[in-house]
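Q: Show me how the following folds:
(chains A and B)
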Amino acid sequence: MTTKTKSSAKPKLDFTSGWGYAPAPESSEHIKLEKRYGHFINGQFVKPSGGKYFPTINPSTEKQISEVALGDARDIDKAVKAARSAYEKVWKKMPGSERGKYLYRVARIIQERARELSVIESMDGGKSIRESRDIDIPLAAAHFFYYAGWADKLEYAFPNRKVEPVGVAGQIIPWNFPLLMAAWKIAPALACGNTVVLKPAETTPLTAMKLAEIFRDAGLPPGVVNIVNGDGRAGAALVNHPGIDKVAFTGSTDVGKIIQKAIAGTKKKATLELGGKAANIIFEDAAIDQAVEGIINGIFFNQGHVCCAGSRLFVQESVADLVIRKLKDRMQTLIVGDPMDKNTDIGAINSKEQLEKINDYLKIGVEEGAEMWQSGCAIPKNGYYCRPTIFLHVSQSHRIVQEEIFGPVLAIQTFRTVDEVIEKANNTPFGLSAGVWTDKGSKIFNLTNKLRAGVIWANTYNKFDPTSPFGGYKESGFGREGGLHGLMPYVNLK
Amino acid sequence: MARIEILKTYKLYIGGQFPRTESGRYYTLLDKKNKVIADICLGSRKDFRNAVVAARAAFGAWSGRTAYNRAQILYRIAEMLETRKAQFIVELIQQGSTKINAEKEVALAVDRLVYYAGWCDKFQQIFSSVNPVASSHFNFSVPEPTGVVAVVAPQDSSLIGLVSIIAPIIAGGNVCIALASEKMPLCSITFAEVLATSDLAAGVVNILTGKTSELISHMSSHMDVNAVVYAGKDQKEILLIKENATLNVKRVFVYQNDWNKTESQNPYFIFDAQEIKTTWHPIESIGVGGAKY
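A: Next up is the predicted model:
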């Protein structure tokens, strides 16, 4: 790597004086939250069998917002039974057109309650209100709306096959996009005629509870969707319950492998959407300023808590100095702080545990000999925050290059030739996503063909849409969510 | 004086060559009357690992061939099999088949190869999509081969089972290492001779003989294998494969089809060993009024 990290000749850009933004906090006064939440089983909010609750914390203030039930195997059992009963008696028999109407209702109510849901999402998970308002919640509504329309058209999706639902789906979702992941899981499952038991992530249960209210208000028949709160133990009970026919999991590769093993002796179908370590590749002929925006969006979107984050940057050697200088300048403008402030770019790290994990990796990176650089922004005294960070002088074998950090940490490498960068980009057990930046169409298609990953963003990054299939190659999991291909995990073809 | 017949040495097929097993081990295949048919290689873990290296090396070029070219090569395999039908019929009869069934099986194997040859440049159109995203992007999803596939061929079939499983895997651009039926291995090696003369690049298909019980744990735990296809009903073997598969999140497919039926051929078998790749690119949004004519 020939990059000079201290750019001396250029005058230093000043982002600290005269550039202040007045605070623009989104109000949370209209939010109504209960002091405690149980589970949502068979259309009712119920208390946990074990009577235990755990707090859910606002990671930007470290204060408790509410508490939720600590579910155990008994709760899971009740939920699976309710789901089975609803499947056999109601949902399986209902014409697709009618199932679709419920999903349309849900989509509409999410839109109506979008503001409230965004605020809760940012309070509970720490993500900036700009992102929960403009991305998470609208996309969640869009997913229900999209799959609603599939419910009565499934025979067109799979040529020469008869489509049947799978049965009861056990779904476990992560904390990075709580409501959106619930929508990704629930909408296609219901559209295809399955019923659901969903376990939200333990640090972000609140929008799932609001979603339960929405199902209730939409008149969704009891038991069609059941939501059981809790930690990994509830998740394990769900995966191992003999009454489920399908497991859908989004989370770490480590847990994904445990789940794959747990169901090895069963007939349960599975989709696993696991970790990633995406290459974001900048060629010398790219539109550099746009590419820099793409790097920023690729790694700092949602505090870097994104499985498809562009966490490995590859810059062609001839433009490395320029790109890194511009990247640092741009990073200096990022506002890290209160998730509820509409100016905030990077909110709070989701939990104390995650912040510790990220900090561990920062230490590892430095110890392994990489050069760390962080933006100079102020961060709040309370709450879990991490400055946007890049590592220079890293090599393929560094742990910060090989392992998923799930935070705002970017490892930067350079390359000379196309072959070299393809080799380096694919040299990972993961294969979820990748980014390519070049102005040359034929080069884009060369790269998009040869990168072994499920989603390739060319001259863009971190875009999502309900019509667009998402999922990984290799150890990033299998099965797709979104689009026509997202129906496949939820049907049996005869 | 009657002429002394030349007997064939049955070997493995790895990387386009016919080596003996590196282990030097063999088992003796007997016919119904307990007469020796041949000594068969008892393939080892090392043989399998060599085959994975050969397969991985072949993957880039094979998956990079045009679909049209792959179609022609599969068709060529069918041609080669057709012209060597007699030999397969003899071997099937040696392994206990009747003449009528042997003739049927070989004919069906040829037809199946032709069937999948035809799919090579069509399944992508069936399983791909252009996705109407709600933003100014062009977005499409296409199937791509999963990679290196380990195949445990059905025990109760010598030819049609092997062909029915391998054909969709390679039609889709994957490479594979197949373990032949332990009881009926003859046709698998002879089929390798067909493959070797069909312009199929070395390493795309590798065929081993040996004991399922000995090799499946290696086949399912190898870290450079992307998927395992198991044709059979042994629950213990299925469990072992599925558990080992978790080491690197292998895709596992268990087939329990009657390969003699036409329902046992369809493009969904190709789709199994495919990954869906979605590509995004921005669309410039100047001229938002759209093209009016």
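
Q: Only C-alpha atoms from now on, for both contacts and neighbour counts.
A: Noted.

Q: How about the residues of the stretch 151-300 of chain A by chain B?
A: A:159, A:257-258, A:260-261, A:264-265 (C-alpha under 8 Å from any C-alpha of the partner chain).

Q: What score does residue A:11 have for pLDDT?
A: We have a pLDDT of 69 for residue A:11.

Q: correction: residue B:71
A: Residue B:71 is assigned a pLDDT of 98 by the prediction.

Q: Buried ones among the residues of the stretch 151-300 of chain A next to chain B?
A: Buried members of those, counted by 16 or more other C-alpha atoms under 10 Å in any protein chain shown: A:257, A:260-261, A:264-265.

Q: residue ranges with poor pLDDT in the chain?
A: Using chain A. For chain A, the stretches flagged by pLDDT under 70 are A:1-11, A:15-19.

Q: should've been chain B
A: B:286-292.

Q: And the helices in it?
A: B:45-64, B:67-83, B:85-94, B:99-119, B:123-127, B:160-171, B:186-196, B:212-221, B:235-245, B:267-272 (DSSP state H).

Q: CA-only coordinates of the shortest one in PDB, if you can.
A: Which is helix B:123-127. Coordinates of each C-alpha in helix B:123-127 appear next as PDB, following Å, rounded to 0.1, in the frame of the first residue of the first chain:
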ATOM      1  CA  PHE B 123     -33.400 -22.500 -17.200                       C
ATOM      2  CA  GLN B 124     -31.900 -19.000 -16.600                       C
ATOM      3  CA  GLN B 125     -34.900 -17.400 -18.300                       C
ATOM      4  CA  ILE B 126     -37.300 -19.500 -16.200                       C
ATOM      5  CA  PHE B 127     -35.700 -18.700 -12.900                       C
END
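
Q: and that helix, which residues are buried?
A: Applying a neighbour-count criterion of 16+ other C-alpha under 10 Å, the buried positions in helix B:123-127 are B:123-124, B:126-127.

Q: Please list which of those are also close to chain A.
A: With C-alpha under 8 Å from any C-alpha as the criterion, those include residue B:126 near chain A.

Q: other SSEs contacting the host helix or strand of residue A:391?
A: Element membership for residue A:391 (DSSP states H and E) is strand A:389-392. If you count contacts as 3 or more C-alpha pairs under 8 Å, 6 or more residues apart in numbering or on different chains; DSSP states H and E, strand A:389-392 packs onto strand A:371-374, strand A:409-415.

Q: For the ones you listed, give me JSON lines that also has mean neighbour count.
A: Formatted as JSON lines, those follow (neighbours: other C-alpha atoms under 10 Å in any protein chain shown):
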{"stretch": "strand A:371-374", "mean neighbour count": "16"}
{"stretch": "strand A:409-415", "mean neighbour count": "25"}
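
Q: Mind putting those strands into TSV with distance to residue B:101?
A: Output for the helices and strands packed on strand A:389-392, formatted as TSV (distance: least, C-alpha to C-alpha, whole Å):
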stretch	distance to residue B:101
strand A:371-374	70
strand A:409-415	59
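
Q: closest one to residue A:283 among these?
A: strand A:409-415 (9.1 Å; C-alpha to C-alpha).

Q: Would you point out the most distant pair within the residues of the stretch 151-300 of chain A next to chain B?
A: Farthest apart among those by C-alpha to C-alpha are A:159 and A:258. That separation is 34.2 Å.
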